[in-house]
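# sequence unknown, structure follows:
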């Protein structure tokens with residue numbers, strides 16, 4: 001059996017910050033599954049990750065004498081998987097000079113391929129920019145839904161007061177509960193995960209995915225192209241957005257064309273703009289450039305990294321990026337780029353002290369029955385030190 005390794009392309013990894021500060025590229029969720037989960041389902045083998053050194057204790061790589069190295073930003077499909085199955089030792093698949101897959105006994109992706117190189121000409125989905133996570137989410141929900149329903153059976157809608165459209169496109173896992181809601185799958189599939197709950201009065205338009213043990217709060221409006229990972233609580237109005245997992249947006253307020261990491265929390269009535277008043281393309285902060293880049297999109301909202309929180313009535317402007325473990329509050333619009341471990345809002349920021357940030361992180365995880373490990377603390381300590389140069393207020397002291 002081949003040993004599957006999902007590797008981080010260094011350029012792509014930089015473009016996917018702040019989400020890749022705390023995870024390998026393949027741990028990004030797009031659709032129902034993370035990229036790593038997609039590959040595991042297609043190839044029937046659990047992958048390991050080749051990533052940044054400071055992440056390796058949490059995401060160790062496994063090397064054997066026959067390794068299949070796959071670009072962790074690439075979403076699999078049947079045609080690409082068929083091509084990979086044809087690889088002999090030393091062979092590679094590339095597209096536009098980018099390595100998609102290499103089969104090799106070496107302990108790293110080689111600079112020189114020893115075997116046959118196949119130039120892959122079919123379309124391929126590559127998550128190489130943060131906005132592509134939400135941009136491709138609807139298509140990936142459809143793809144993942146097809147993959148999932150080949151081998152599993154839905155329990156169906158049990159509640160007589162729930163109205164469903166195109167029920168054949170709705171998949172409900174065991175233990176899930178749906179109460180007095182409207183599910184419209186005529187526009188795309190709807191997936192409700194194991195032990196998830198859709199509370200009464202909710203309106204869902206597909207494509208939509210709700211992860212295991214997640215809850216949609218009463219009277220929520222899920223407007224399509226929305227993925228919510230495991231352990232989340234989400235309410236209000238949400239459109240074209242991905243929650244990685246274990247995050248809360250429990251109250252009213254709009255969130256659109258956005259990506260939310262893990263362990264984030266939105267205060268009541270927080271809102272995100274995803275369209276500029278002049279209808280120009282939205283720019284986002286890019287860590288590799290150290291400045292803003294054009295997304296080429298008219299609609300783009302908030303990119304919020306892990307463990308970031310915002311207070312009640314927070315207003316995020318179009319195209320806002322927040323780093324890891326920031327705490328945002330107060331009236332007015334905060335800046336469009338908020339570094340990691342920032343504390344404050346429109347009136348200014350100070351540094352969120354490391355031990356206080358970790359205490360908050362530990363409490364948030366305890367609420368889900370999980371623990372902040374020493375390995376986690378080491379990762380966040382590294383990020384705290386790395387992000388000091390981004391916290392401009394420290395330079396002026």
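Received the coordinates, thanks. This is a predicted model, so every value here is computed, not measured.
# residues in contact with the helix or strand residue 359 falls within: which ones?
Here residue 359 sits within helix 354-366, counting by DSSP states H and E. Contact partners of helix 354-366, identified using Cβ atoms under 8 Å, 6 or more residues apart in numbering, comprise 246, 263, 265, 307, 309, 325, 327, 341, 371-372, 376-377, 380-381, 384. Bear in mind the C-beta positions are built from the backbone N, C-alpha and C, glycine included.
# got it, and stretch 163-181?
Under the criterion Cβ under 8 Å, 6+ apart, residues 145, 148-149, 152, 154-159, 161-162, 182-186, 188-204, 206, 212 lie in contact with stretch 163-181.
# repeat that for 7 Å
By Cβ atoms under 7 Å, 6 or more residues apart in numbering, the list of residues contacting stretch 163-181 from outside reads 145, 148-149, 154-157, 159, 161-162, 182-186, 189-204, 206.
# among these, name the buried ones.
145, 148, 154, 157, 162, 183-185, 189-193, 195-199, 202-204, 206 (16 or more other Cβ atoms under 10 Å).
# rewinding a little: which of the contacts of stretch 163-181 fall within strands?
Per DSSP state E, strands hold the following members of these: 182-184, 190-192, 197-198, 203-204.
# could I get the residues you listed as TSV with distance to residue 20?
Formatted as TSV, the ones in strands among the contacts of stretch 163-181 follow (distance: Cβ to Cβ, whole Å):
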residue	distance to residue 20
182	37
183	34
184	34
190	29
191	25
192	29
197	31
198	31
203	34
204	30
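# one step back: after the helix holding residue 359, next one along is what?
Sequence order places helix 374-386 as the next helix or strand after helix 354-366, per DSSP H and E.
# mind listing what's buried in that following helix?
Across helix 374-386, burial judged by 16+ other Cβ under 10 Å covers 376, 379-380, 383-384.
# what helices or strands is that helix leaning on?
helix 354-366 (3 or more Cβ pairs under 7 Å, 6 or more residues apart in numbering; DSSP states H and E).
# in the helix it packs on, what counts as buried?
Neighbour counts over helix 354-366 (16+ other Cβ under 10 Å) mark 354, 357-358, 360-361, 364-365 as buried.
# on the three-state scheme, residue 37 is what?
Counting by DSSP: H, G, I helix; E, B strand; the rest coil, the backbone at residue 37 sits in helix.
# now residue 84
Three-state assignment for residue 84 (three-state DSSP): helix.
# from the chain's centre, how far out does stretch 119-132 sit?
Distance, stretch centre to chain centre, for stretch 119-132: 16 Å (Cα atoms, centre = their mean, to the nearest Å).
# residue boundaries of the strands in the stretch 251-397 of the chain?
Per DSSP state E, counting those that start in this stretch, the stretch 251-397 of the chain carries strands over the ranges 254-262, 265-266, 271-272, 283-286, 291-294, 302-304, 309-310, 315-316, 320-322, 327-328, 337-338, 342-345, 348-351.
# residues making contact with the second one?
I take that to be strand 265-266. For strand 265-266, the surrounding residues in contact (Cβ under 7 Å, 6+ apart) are 247-249, 253, 309-310.
# would you turn the buried residues of helix 374-386 into TSV with distance to residue 136?
Putting those into TSV (distance: Cβ to Cβ, whole Å) gives the following:
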residue	distance to residue 136
376	29
379	27
380	29
383	27
384	32
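# ok, those residues vs residue 132, which is closest?
Nearest to residue 132 among these, counting by Cβ to Cβ, is residue 383 at 23.2 Å.
# residues in contact with residue 328?
Residue 328 neighbours (Cβ under 7 Å, 6+ apart): 310-311, 314, 322, 334, 338, 345.
# apply 6 Å and report the result again.
Neighbouring residues of residue 328 by Cβ atoms under 6 Å, 6 or more residues apart in numbering: 310, 314, 334, 345.
# between those, which has the most around it?
Sorting these by how many neighbours each has (other Cβ atoms under 10 Å) puts residue 310 first, at 26 neighbours.
# any idea how far residue 247 is from that one?
The spacing between residue 310 and residue 247, counted by Cβ to Cβ, to the nearest Å, is 11 Å.
# and the pLDDT at residue 394?
Looking at residue 394, its pLDDT is 60.
# ditto for residue 232
Per the predicted model, pLDDT is 98 at residue 232.
# what's around residue 234, how many residues?
By other Cβ under 10 Å, the residues close to residue 234 number 25.
# adding pLDDT, write the contacts of residue 328 out as a markdown table.
What follows is those, written out as a markdown table (pLDDT from 0 to 100):
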| residue | pLDDT |
| --- | --- |
| 310 | 97 |
| 314 | 97 |
| 334 | 95 |
| 345 | 95 |
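# how about those in JSON lines, adding distance to residue 118?
As requested, these are exported to JSON lines (distance: Cβ to Cβ, whole Å):
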{"residue": "310", "distance to residue 118": "47"}
{"residue": "314", "distance to residue 118": "49"}
{"residue": "334", "distance to residue 118": "48"}
{"residue": "345", "distance to residue 118": "52"}
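# returning to that earlier point: now rank the contacts of strand 265-266 by neighbours and give me the top one.
residue 249 (29 neighbours).
# contact partners for that residue?
234, 266.
# got it, and the one 4 residues further on?
By Cβ under 6 Å, 6+ apart, the residues touching residue 253 are 236, 269-271.
# select from the residues you listed the one having the most neighbours.
Neighbour tally across the contacts of residue 253 (other Cβ under 10 Å): the maximum, 23 neighbours, falls on residue 270.
# thought that one was touching residue 315?
No. The pair residue 270 / residue 315 is not scored as a contact, 7.5 Å apart, by Cβ atoms under 6 Å.
# distance check, residue 85 against residue 47.
In terms of Cβ to Cβ, residue 85 sits 16 Å off from residue 47.
# more neighbours: those two, which one.
Higher neighbour count among residue 85 and residue 47: residue 47, with 23 against 10, using other Cβ under 10 Å.
# who touches the more buried one in this structure?
Contacts of residue 47 (Cβ under 6 Å, 6+ apart): 4, 6, 36, 39.
# reformat those residues as TSV; add distance to residue 19 and pLDDT.
Below are those laid out as TSV (distance: Cβ to Cβ, whole Å; pLDDT from 0 to 100):
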residue	distance to residue 19	pLDDT
4	22	97
6	15	97
36	14	98
39	18	98
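# state the distance from residue 293 to residue 149.
Plainly put, residue 293 is 38 Å away from residue 149 if you go by Cβ to Cβ.
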